[in-house]
Structures are given as C-alpha cells and as structure tokens.
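Asker: Okay, structure incoming, though there's no sequence with it:
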C-alpha cells in the first residue's frame, strides 16, 4: 500500500496536495478497493463546492463509488485525460491519475485532514 | 454458513490474489487487474481456478434415461467422451440449473453453477427417490480441483503438458489423462479453452506446472472478474442472474437447447404452452449510452416511463469499448433498436436494445 509522505488525506480516501491551489485524487487504497476503473465523472470547472459534497463518481468493473470534495472552494481544473484513460487512476493514483484542482476558501479545513501516519492508522480501522 | 475455501486458497493468496465471495465461496476476483487478465485470455492465455463449480457423478442402470427425462436435451445421443450443455427444468419449465454433462461409459459427469449446486443435488435426489430411478448421484465438488485454461494458446499448453490423443478433439469432448484426471475441451468464453479436472491430491502439482507454462508464454493468472466479463461478452447465462427457477429456456432465447422430439421431459408441457402463447419476458442485449454500468436488478423502463423489465448483468467491454448489459423485458418492448431507460442510483441511463449473442460463439456447438 502506497501512502506518500507530504500529502494530506480524508476519511473518504482522497489525497490532497497543497501547491498554492490544491491538487487531489483518490488514494492507492481506494483504487485498489475499486478495482479496474472504467469511467470517471469529473466535477465541472468553476463549480463551488463545500467539503464533503458529492462532486463526481468513479465507475469500476465491480462497483460505483462517489467522489466527495476534500475541501471547500472552487474547482479550477479537472484531469481531462481521465475521460480517455480512466485506468490512470489505477496505474498512478497520486500522479497522472489526479482528479481535480481546487482553490481552497478556508485554510482552517486543512487541520481536519490526516497526515500519512494518521491515514495509515485510519486504514487499519477499515 | 461458513465460507467455503478452494483447496488452493492459501496458494492463491500467496500469489497476490484479491479474494472475494461468490456463491458462498471465497474466490480470487483478480490477481493484478481485471483488464490485464481479460486481455491475456484474448491474446495469449489465462489460468483460472474454478474448483468452486459443482461437480457430480451420476451412475446406475437407468442413468442415461433419467438424464433424458430430467433435462431438456437428448443426452442419450451423446457418445462416450462427449458432452452437452443442458438445462434441468422444474415442473413449470423454469431452470433449476444450466449444466454441462459428459458421458464416460455408463457414468456421467455433471458440472453445475456454484450457486445452484446444493439445490440441484436435492432436486436430483428428490426425483430419483420419488420416482424410484436406479440412479446414484455423488457430489464430488470438494474432492476435485478444476482449472480453466482460456485463450488462443490454451491448446498449445494442453498439448505440451498432457500427452493425450489430441487430433480431432472437438469442443464439448474430453480426454482421460490418467484415471480420474480429465481434460475437457470447453471454455466459458468466446475464446478457445480447456478445463482440467483432477483429484485434489494432484491439484497443487498441476496448478504449479500450469502457472509456470502460462507465465512463460506471457499469460496471466485470472480471477472471477475476467471470467465474468468473458462469459458475459459471449452471452453465456449465469445462475442467479440470467438463470433462475422463474426463467425458462424460451425466455432466454435458447430454444436451440430444447429437444422437442423427445417423448417427455420435465417441463416439456409448460414449455409447449409457452411456445404457443408467447413468453412473458425475453432476454435482450442492451447497449448503454455513456459509461455507467448497470448492475443486477436495476429496473428497466420504456421511454414513456412504463416499467418493463430488469437488468441481469452489466459490464464494460474492454474489447468493444462499450457498456453492455443483459436484461429481461416484456416481449412487447423487446424489439431490436428500441430505446429503454435503466434506473441507476442518482441517474437514468439510455439503453438501446441490440441482438444477442453479443459475439458469435457458444454453447450450442
């Protein structure tokens, strides 16, 4: 199980990387649970989201799962490549399989995200 | 009820199998990825452990006439070393199970869907006792390992590992490799394949040899995910989805699997009536617009909003790059080219009815 250092995590298995704006996607654990992803419904660019909002979905051969906004803010970019190659989520969940970029509106929300160790401990409870 | 484990369960885990539950068995769903395993079966070869399938031996003086009566195909015509796919029907013509049966002298080997195994055993037991047939049924499911080799290279692997007479080896026939060790030319797929049944004591040894050969050829170990997609594309029905006791072979569109010329068989009268009056539902293929996958049980509606059926299987076909589904619909609406709606969580999907089978190939060979 790959849980990189330096990222932040949600209980809905999203990872978040802070680079001015926020890049996010689903974790290695989540892609492994879903199995082969065949379709990703991405959020609309420009959409204002609240933390925890349903912003999209991931369809895999086995199941459908929903994407929940890790933070509140505005969606400023989505990974269009996933329309053509949804399998990037399986192949590179923290890299080419990123899902969207969000301009966060509330710095306080970062405090509620987990670091690597906390996420690791959280996974043990799953 | 405790989960049943494959004899090689620990071994599959050690090979990295992702396990899941299917029909009361803990099974490998995939080892690496369903996509990779699927393409191995299309392009080279894939190896599956299918020991969960029900395996029965039927013997006794009247076994062949019993099978002629209890299934809808004329099995008495089957020659030694050969087999058929057939349905055991209930009194209403509903499908107790779809099975393959093979003749070995006066003994028959029957392979059933995992989900119907106990039920089918009790059904056979009931018929035999109640109607006093001289037939004995032995359930050997847990005494035998059963592996499937699928893909264009399956034949070469079988030729290499098993020195059995292999010229003129048509589908639905088998060879004995050693006593109790049988190799059946058959695949639950459009592709070619073989199924290998041996005593559990020999299973691990042969699994290892097969794995080695499959990997040497760039093939893959495969789980139920790939198996399901391959059988789905070939439009082979699965028990609990396309097949159950409320469904008849006519509703499945498989009249070719009914041998009407037989004097009598269980379910013949209701099937004749159905043929005359028309079926209540019909299996159709559905091409889904978009890439959401309908799952078993999702309701189907007409464009006007009338309920008209339900989905039995849905999948994303990596070969055709399309979401496809199978479902039962009221025959009035089951016309090719018609558009239906699938009710999926949060959304409705448009579905166009297409002809079956999705791809040629299949059970009636």
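Answerer: Perfect, I can see it now. Everything quoted here is computed from the prediction, not taken from an experiment. Residues are numbered from 1 along each chain as shown, chains lettered A, B, ... in the order given.
Asker: Centre-most residue in chain A?
Answerer: Most central residue of chain A, judged by C-alpha distance to the mean C-alpha position with C-alpha atoms, centre = their mean, is residue A:25 at 2.6 Å.
Asker: Please name the residues that touch that one.
Answerer: Residues in contact with residue A:25 (C-beta atoms under 8 Å, 6 or more residues apart in numbering or on different chains) are A:14-15, A:79, A:89, A:93-94, A:97-99. Every residue, glycine included, has its C-beta placed from N, CA and C.
Asker: Next, it: phi, psi?
Answerer: phi -170, psi -170 (degrees, to the nearest 10).
Asker: Could you list the buried residues of stretch B:133-147?
Answerer: Taking 16 or more other C-beta atoms under 10 Å in any protein chain shown as the neighbour-count basis, stretch B:133-147 is seen to contain the buried residues B:133, B:135, B:137, B:139-141, B:144-147.
Asker: for stretch B:180-196, same thing?
Answerer: The neighbour-count criterion (16+ other C-beta under 10 Å) identifies B:181-196 as the buried residues of stretch B:180-196.
Asker: Among these, which pair sits farthest apart?
Answerer: Considering C-beta to C-beta, no two members of those lie farther apart than B:181 and B:190, which are separated by 27.0 Å.
Asker: Please tell me how far the residue nearest to residue A:52 when sequence neighbours are not counted sits from chain B.
Answerer: The shortest distance from residue A:52 to any residue other than its chain neighbours is 5.5 Å, reached at residue A:68 (C-beta to C-beta, 6 or more residues apart in numbering or on different chains). Counting by C-beta to the nearest C-beta, to the nearest Å, the separation of residue A:68 from chain B is 14 Å.
Asker: How confident is the prediction for residue A:68, by pLDDT?
Answerer: Reported pLDDT at residue A:68 in the predicted model: 95.
Asker: Start from the N-terminal end of the chain and give the helices.
Answerer: No chain in the question, so chain A it is. Residue ranges of the helices in chain A, as given by DSSP state H, are A:28-34, A:81-84, A:88-91, A:116-124.
Asker: oops, chain B please
Answerer: In chain B, helices defined by DSSP H lie at B:9-14, B:34-43, B:63-70, B:117-130, B:154-161, B:200-216, B:224-233, B:268-277, listed in chain order.
Asker: what comes up buried for the longest one?
Answerer: Right, helix B:200-216. Neighbour-count burial for helix B:200-216 [16+ other C-beta under 10 Å]: B:202-203, B:206-207, B:210-211, B:213-214.
Asker: and of the residues you listed, the nearest to residue A:8?
Answerer: Closest to residue A:8, out of all of the buried residues of helix B:200-216 and judged by C-beta to C-beta, is residue B:211, at 41.2 Å.
Asker: Could you find the closest non-adjacent residue to residue 89?
Answerer: As the question left the chain open, I've gone with chain A. Taking C-beta to C-beta, 6+ apart as the measure, residue A:89 lies nearest to residue A:97, with 4.1 Å between them; neighbours along the chain are not counted.
Asker: wrong chain, I was asking about chain B
Answerer: residue B:267 (3.1 Å).
Asker: Can you report how many residues neighbour the one you found?
Answerer: For residue B:267, the number of neighbouring residues by other C-beta atoms under 10 Å in any protein chain shown comes to 25.
Asker: So what's the residue count around the residue of chain A found nearest chain B?
Answerer: Per C-beta to the nearest C-beta, residue A:39 is where chain A lies closest to chain B, at 3.5 Å. Using other C-beta under 10 Å, the number of residues around residue A:39 comes to 18.
Asker: Verify the stated contact: it with residue B:316.
Answerer: Yes. Counting by C-beta atoms under 8 Å, residue A:39 does reach residue B:316; the two are 7.4 Å apart.
Asker: Quick check: neighbours shared by the two?
Answerer: The contact lists of residue A:39 and residue B:316 share A:59, B:291, B:293, where a contact means C-beta under 8 Å, 6+ apart.
Asker: what residues are up against residue B:215?
Answerer: In this structure, residue B:215 makes contact with no residue, judged by C-beta under 8 Å, 6+ apart.
Asker: Could you report the pLDDT at it?
Answerer: According to the prediction, residue B:215 has pLDDT 96.
Asker: can you check the one 5 residues further on too?
Answerer: At residue B:220, the pLDDT value in this model is 97.
Asker: For it, which non-adjacent residue is spatially closest?
Answerer: Of all residues not flanking residue B:220 in the chain, residue B:40 sits nearest, at 3.8 Å (C-beta to C-beta, 6+ apart).
Asker: and if you look at residue B:83?
Answerer: The spatial neighbour of residue B:83 that comes closest, neighbours along the chain excluded (C-beta to C-beta, 6+ apart), is residue B:102 at 3.6 Å.
Asker: okay but the one you found is in contact with residue B:108, surely?
Answerer: Yes. With contacts counted by C-beta under 8 Å, residue B:102 reaches residue B:108, the gap being 6.7 Å.
Asker: which residues sit in contact with residue A:93?
Answerer: Residues in contact with residue A:93, defined by C-beta under 8 Å, 6+ apart, are A:2, A:15, A:25-28, A:30-31.
Asker: Swap in 10 Å and give it another go.
Answerer: Taking C-beta atoms under 10 Å, 6 or more residues apart in numbering or on different chains, we find residue A:93 in contact with A:2, A:4, A:13, A:15, A:25-32, A:37, A:99.
Asker: Please list only the buried members of those residues.
Answerer: Among the contacts of residue A:93, those classed as buried by 16+ other C-beta under 10 Å are A:13, A:15, A:25-31, A:37, A:99.
Asker: can you put those residues in JSON lines and add pLDDT and distance to residue B:243?
Answerer: Written out in JSON lines, the entries for the buried ones among the contacts of residue A:93 read as follows (pLDDT from 0 to 100; distance: C-beta to C-beta, whole Å):
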{"residue": "A:13", "pLDDT": "94", "distance to residue B:243": "36"}
{"residue": "A:15", "pLDDT": "96", "distance to residue B:243": "43"}
{"residue": "A:25", "pLDDT": "97", "distance to residue B:243": "40"}
{"residue": "A:26", "pLDDT": "96", "distance to residue B:243": "36"}
{"residue": "A:27", "pLDDT": "96", "distance to residue B:243": "38"}
{"residue": "A:28", "pLDDT": "96", "distance to residue B:243": "38"}
{"residue": "A:29", "pLDDT": "95", "distance to residue B:243": "36"}
{"residue": "A:30", "pLDDT": "95", "distance to residue B:243": "34"}
{"residue": "A:31", "pLDDT": "94", "distance to residue B:243": "33"}
{"residue": "A:37", "pLDDT": "95", "distance to residue B:243": "30"}
{"residue": "A:99", "pLDDT": "97", "distance to residue B:243": "39"}
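Asker: Of the residues you listed, which is the nearest to residue B:284?
Answerer: For the buried ones among the contacts of residue A:93, the residue nearest residue B:284 by C-beta to C-beta is residue A:37; the value is 27.5 Å.
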